[in-house]
Every structure is written in C-alpha cells, then in structure tokens.
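*Asks:* Could you look at this predicted model? Sequence included:
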Amino acid sequence: MEHTFRNFEDRPIGVRKTLSVVADPLAYPLPDPDENARWSATEELHEVKSWWFGRKNRRSKNGPLTALDYAGKVLPCINWIRGYNLRQWLMFDLLAGIAVGFTVVPQGMSYANIAGVPAVMGLYGAFMPILVYSLFGSCRQLGVGPVAVTSGLIFSGLSGVIPGYEGIMDPNDPKPDQVQIQADYNRQVIQLAFVVAILYTAIGFLRLGFLIRFLSHPVITGFTSGAALVIAAGQLKYVFGVSYKKQDTLQGELGNIIAQLSAGNFKWQEFVMGSLMILFLVSLKFIQRKWPKTLFLKALGPFIACVVGIVVVVATGNSNGKGPIKIVKNIPKGLPPVSIQQWAPINNLGHILPLAFIVMAVDMLESTSIARALARKNGYQLAYNQEVVALGVANFAGALFSSYTTTGSFSRSAINNSCGAKTQLSGFVTSIIVMCVLLFLTPVFRLMPYNTMGAIIIVGVSQLVEVGVGVELFRVHLRDFVVWLTAFIVTTFAGVEIGLLSSIVLSLVVLIAESSFPHTAILGRIGKTNLYRSVRRYKDAHVVPGVVTMRLDAPLHFGNVIHFEQQIQEALTDGDEDARQGGVDGVKFLVVDLSPVVRSDSSGAHMLYDLAKDCNDKGIQLVLCNPSCKLITMLGRINMHEVLPHRWIFVHTHDGVQAAVKAMNAMDSGEAGYSIPTGLDTSGARPKDVTPGPGHIGHNLSNISEGLEMGSSSSRSSSRGSGSGSEGLGADVSVEVGA
C-alpha cells in the first residue's frame, strides 16, 4: 500500500495507527528538491520567533487578556492582590513577615560586616530591595536581602581595589584618615550593585537566563561549602576577641588567629559570650528538629541573641564602646540616603564588570533554585524570566538607596515558607519592620556586640557546608564529585574568586569533553522482538553476520563528528571479523540508528554524506534509521540522494536490518539488481522477498531472515510471496533509544 504523506507527523492519527501494523515498512522520504533550495534561515527564524513568543501564545490561549492581566505580567503583586483571601491568608503573611524581619535585622548587619561595609548598609539592603521585590517577584515565599556568600565575594573582589583599604579594621568606625577610603569603598560596592542590576534586567528581558545553567549544582555546592568555611573562620576573631585584617582563605584566617592567640591577644569575656551565643543558636536547631512546631522559636533565634547581647552590653556598662566587649557603635538613624549620584563615573569598570558577572551568576542560580523549589512545593507556576527581572529591579532599588547586592536567602525563605506565607505581603511586612528599626531603633542596635554577630554568621553559614552532597556525588557520578571537590578545595585554600572560576572552567571542560566523545553502541536484536539494544549490555542480543547495526547516542555537531567517524570505522573493522566467522565475506550493510540524534549542524550532515560515499566505495550499503525531520531536511539540502538511495532510509531499525538481510539473500540467489554497488544505485524500489539460493551466504542468512519474520500476525503471514518484501516487521512502535 502506497502513502504519499511527506512526514509521519503529517499523517492523520487513524492512518498512523494503520501504518504501525501493516506489512510495509514506514517510509521516511526526503523532502522534494524544490523545498531543498529554501534557505534554512526561514526555519531557524521561525524557531526563534516561537521561542520568543511561545510563552505569550500559551498564556493567552484561554481568551483575550484584560488590562489587569497585562499589568499583572509586569507587577505580579496585582495578581495576588486581586485574589487575596483576607480571612485565610492574612495571619500567615503577618507572622511570616514578622519572623523574617526579626531575622534579617541582625543577619543584615552581620553580613554587611563580611562585605566590609558599615552595618547600616546591610539594613538598607533589607529594606528597599525587599519592598521592591514584593511588588515585582513571582515567588510568593522568597526572602530577599543580603546573603553571606555574596558578601564574601564582594569583599574578596573589591578589598584590593581601593588603595589603603587594607588598613581599615572596622568599617563602622574608621580612623579619621580612613573615612574617605571607606567612603570610596562604599561607592565601589554601590556601583557593583548597579552593574549587577543592569545584568539581571538585561538577562531577564532577553530571556538569556538559560546561560546561568552552565553553573552546575556541583559547582555551586562546592563553592558555597568552601566559601562558608572561609566566612565562618573569619568570624572566629570576634569570638576570641582578637583583631586583624580579614583574609579570603581558610589558612590565612586560621594563621592569623593562631598568631594573635600566641601573642596573648585574647579576651575571655568575648570568648565566653560568643561561645554561649553559638551554643544557644545551635541548641535551637536541635530543638526544632526534635519538636518541629518550635520552628518559630528558631526563626527568632538571631533576634533573641541580638537582644540578649545588647542587654549584656548595657548591664556590664560597655555601652560607650570602651569596655572589653566590642560593639558596632555607629549606625546612622533614618531612611537610606539616595545614592544615584554615585552610579557614575565607574573608574574601575574593567575590574567591576567581571566581578558583577560572577556575583550575578551565583546570586541568580541560588535565588532561582530556591524559588523553583518553593513554587513546586506550594503548587504554583514560577515565571522564570519575571523572577530574574524582579531581582534586577530589586538591585536597582538597592543601588538607588545606598545598599549592596541582594538576592534570595535560603534561611529566610525557609522561615517564610515554614510560617505559612501565602503571598509577598510577608515581604512587605518585613520591609516595614526594617524601616521601623532604621527610624527608631538604630540607637539600640548600635550596641550590638561583634561576638554576637560572629555567632549568628557562624551558625547561619554552617548549613551551607554540604559535605553530604560531595559524598552522594562520589557514589553517584565521579566526574561531578571531582568538580565539586575542586570547587570546594580551591575556594577554601585559594580564595572565593579563584575557586569559583576554576570550578566553572573545569565544569565546562568536562561538558565539552562529554559532548566531544559521546557514547556509541553496537546493536543486536533482543530475542524475537523488534527491539535492538547494545550487545555489551544485553549479552543475548543477536547480531546478523555481515550487517553492522550501530547507534549514535548524541546530537551531531562539529565537535564530535570525528569521534563518530572513528567509532564507525572501528565498528566496521570488528564487523568484518565477525562476518567472516559467520560465513559472510565481510560487512555488506551498515545500519545506523539515528534515534538519539535530535539535532545536527552542517558538519554532522556532511559527515553522513561522506560516510555514505565512503561506504559506496568500499562496497558497503549504508542504511539510516529513524532520522529526525530536521536532519532529513538538511540531508536533502546537501543532495544526500546522490550517494544514498531513497529506499535505504527507514523509520525503524528493524525495518533496515530486515531489508539488509533480504538484499543479502537476494544477492546470494543471484537475482538481478541486488549486488552491493561500488558505484551509486539510485533505484527507488525496496528489496523484494526472494528465497535464498543454495550458496553459503544464503544458507547462513535464511534462518536469520526467518527469525526476523517470526511473530508476524496471521494477516501478514498470508501475504508472504506477494513480492512486497516487507513482511515480519510487526507492530514496531517502540522507542529505540535504550542502552
């Protein structure tokens, strides 16, 4: 039965079902010559258009959008305000906002100290960015604000840019001759936030967020684990009561601490107080694990520690900052000043821009990963590009009001979610709490001890040291473990910037290597089925002597075509030996399963063209099975039919193997038209069903041919001898991309 449908996908559903059980092999025709002349740019531009406008079309499929719907795309807060359930949601949002507010105040001040900026800039980062994100963000539980890892990146990247900054020991109370130096450093930090905001927004609008996915999970977890160790070690000096300039390596921090302790610079008051704070915060974690309902107490832990520390300072008479317990001292009162005048000129753009890319990449990957997990857990859809734009706008707000870079926080997002936050109203409540602190409570929080801030940071970053991830990767995937270990070790002992860059480079090298040397498999038939699987994995898979069946397990592109060519030549060499052992004079057919080749570039298409031409010269017939529509179109454009007859392209691997066996039987019987060509055979006819003659090849292949046809339906059995030559295909509708 002849069918004129151009592509299998174009056939009606009913015809598809019919074709899947008839005796004829499913034809996979090449495009018409007239279509081959069409430029591929038409299709590629159509794909770009579909990618750009696809989400818009899907969103509008339920009917025309109203003005509020369009406004909700820009301001997602409109969507949850329109459907806000005041009775059921308000209490949860208020509790979550209050809990996060009490957490972010001490954390923001502590993380600002890591970044080398005054503590008040951490409060600024917990005010306007959170408020703006609550309007533009699509994740309903994400807690935005300063984070520890980003703070460490900023200090590591900018501390060496400003001359004289290395002499500043306390950014909250610099010496008179260091005030301008600290101001210049603060300006650089604000400019960094501005550049990061530009990158965020550009990537969101241009839908380029997929580029950040090249920062793999092993890279990020290894980097954050190493950075957390360095950050925690850097806070030990406040617990021991010693003073030295911060370092960006673990051995540098520990070496300075040992040197200070050896010199007798130790304050037992700081040590006792800091140790008790760490013990208190850690105990809250254990209590929460044993009694999950006490999570609210754990969320308030940093705030309680802050209050207790301030009370101790006041009770011991150290409120003037001249006692043995070091305090913050200076926190300006009032709302954050406008800092737009500090955006330009950017004198160190060559240094700030690469650092901005690193900070943005780490922040984006961390924040969007948290947001996706929260959206999945709470059963709503996350607008990924809107999320990136929201982070960009939030950082614009931070740079506009004297803040440094902010992003989604794991700990505060977990508190938000655990307290039952339903919308970003909780973020609005958090920003109001921070605003009240800035307006009314800065004289109180200036008494916050540094040992308490150090304890909060040490306990907070301890959850970022994910050694368990490394153990799991070692068990699951060794190469990912090597990437994780590299990121962890280099970050810990060489610095956060070098650690991140080296692990990214290693990850990309591994990715390129895996793409350049993909897997291939020699296939054999599984029993009497129509399935073909790797002969290495399935020891009982049956191979036809003289027919090499091979699968290419990756897309074809310029980086791996040479590897595929080498693998094919090795398969043909091994196939010659197997064929002679089976009584066949060498390989006669090369059947290539292209099911995993979902895409190909021009190099891949020309590789198949050259392969077909080379096979013709060697007296081997190439057979292609299940190529994609795009690959078929590309092969038509390079005139593949000149070297590969149309009749040797099949939908199923079984069709191609059966056709090869029947052609070999026909050659052995001496039937005209069935010799393997050394030139080109452009005949469009498929091999006919020919009974093998008395030759040795026919005797060896007759049983194989019969085996290929076993399991056929009775309707197909009755058609034997009709000259179709396509019996024994069975209802082969399986996907053949297994092992």
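*Replies:* Yep, that arrived.

*Asks:* which element is the residue lying closest to S411 once chain neighbours are set aside on?
*Replies:* In space, and not counting its chain neighbours, S411 is closest to G460: 6.2 Å by CB to CB, 6 or more residues apart in numbering. In short, each C-beta sits where N, CA and C put it, glycine included. In this structure, G460 is located in helix 450-462 according to DSSP states H and E.

*Asks:* Do I have it right that I154 meets G116?
*Replies:* Yes. With the criterion set as CB atoms under 8 Å, I154 and G116 qualify as a contacting pair; they are 7.4 Å apart.

*Asks:* Tell me which of those two has more neighbours.
*Replies:* Here I154 and G116 are compared on neighbour count by other CB atoms under 10 Å; more neighbours surround I154, at 28 against 24.

*Asks:* So the more buried one, which state does it fall into?
*Replies:* For I154, the secondary structure call by DSSP: H, G, I helix; E, B strand; the rest coil comes out as helix.

*Asks:* ok, and the closest non-adjacent residue to it?
*Replies:* Of all residues not flanking I154 in the chain, A115 sits nearest, at 4.6 Å (CB to CB, 6+ apart).

*Asks:* for Q463, what are its contacts?
*Replies:* Each residue near Q463 by CB atoms under 8 Å, 6 or more residues apart in numbering is listed here: 410-411.

*Asks:* what about 6 Å?
*Replies:* Residues near Q463 by CB atoms under 6 Å, 6 or more residues apart in numbering: none.

*Asks:* helices or strands up against the helix holding G460?
*Replies:* Of the remaining helices and strands, those touching helix 450-462 by 3 or more CB pairs under 6 Å, 6 or more residues apart in numbering; DSSP states H and E are helix 86-115, helix 217-240, helix 268-290, helix 301-315.

*Asks:* For it, what does the pLDDT average out to?
*Replies:* For helix 450-462, the mean per-residue pLDDT is 90.

*Asks:* got the angle for that helix vs helix 268-290?
*Replies:* Orientation of helix 450-462 against helix 268-290 (axes from the mean of the first three to the mean of the last three CA atoms, to 10 degrees) gives an angle of 30 degrees.

*Asks:* next SSE after helix 450-462?
*Replies:* Taking DSSP H and E, what comes next after helix 450-462 is helix 467-476.

*Asks:* any idea how far that following helix is from the chain center?
*Replies:* On the basis of CA atoms, centre = their mean, to the nearest Å, helix 467-476 sits 18 Å off its chain's mean C-alpha point.

*Asks:* can you check stretch 514-526 too?
*Replies:* The chain centre lies 25 Å from the centre of stretch 514-526; the measure is CA atoms, centre = their mean.

*Asks:* If you count neighbours, what's buried in it?
*Replies:* In terms of neighbour count (16 or more other CB atoms under 10 Å), stretch 514-526 has its buried residues at 517-518, 520-525.

*Asks:* Can you give me the end-to-end span of that stretch?
*Replies:* Distance between the two ends of stretch 514-526: 28 Å, counting by CA to CA, to the nearest Å.

*Asks:* buried residues in whichever strand or helix holds D655?
*Replies:* Counting by DSSP H and E, the element that carries D655 is helix 653-669. Residues 653-669 are the ones in helix 653-669 that count as buried (16+ other CB under 10 Å).

*Asks:* possible to save the buried residues of stretch 514-526 as CSV with distance to G164?
*Replies:* Written out in CSV, the entries for those read as follows (distance: CB to CB, whole Å):
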residue, distance to G164
F517, 51
P518, 54
T520, 60
A521, 63
I522, 68
L523, 69
G524, 73
R525, 76
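
*Asks:* Neighbours of V311, how many?
*Replies:* 11.

*Asks:* Which pLDDT value belongs to it?
*Replies:* Taken from the predicted model, the pLDDT recorded for V311 is 93.

*Asks:* Use 25 as the first number for this chain going forward.
*Replies:* All set: I'll call the first residue 25, so the last point we hit is now V335.

*Asks:* neighbours of L525, just the number please.
*Replies:* For L525, the neighbour count with other CB under 10 Å is 18.

*Asks:* follow-up on the earlier one: list the contacts for the residue nearest to I178?
*Replies:* A139 makes contact with 175, 178-179, 428, according to CB under 6 Å, 6+ apart.
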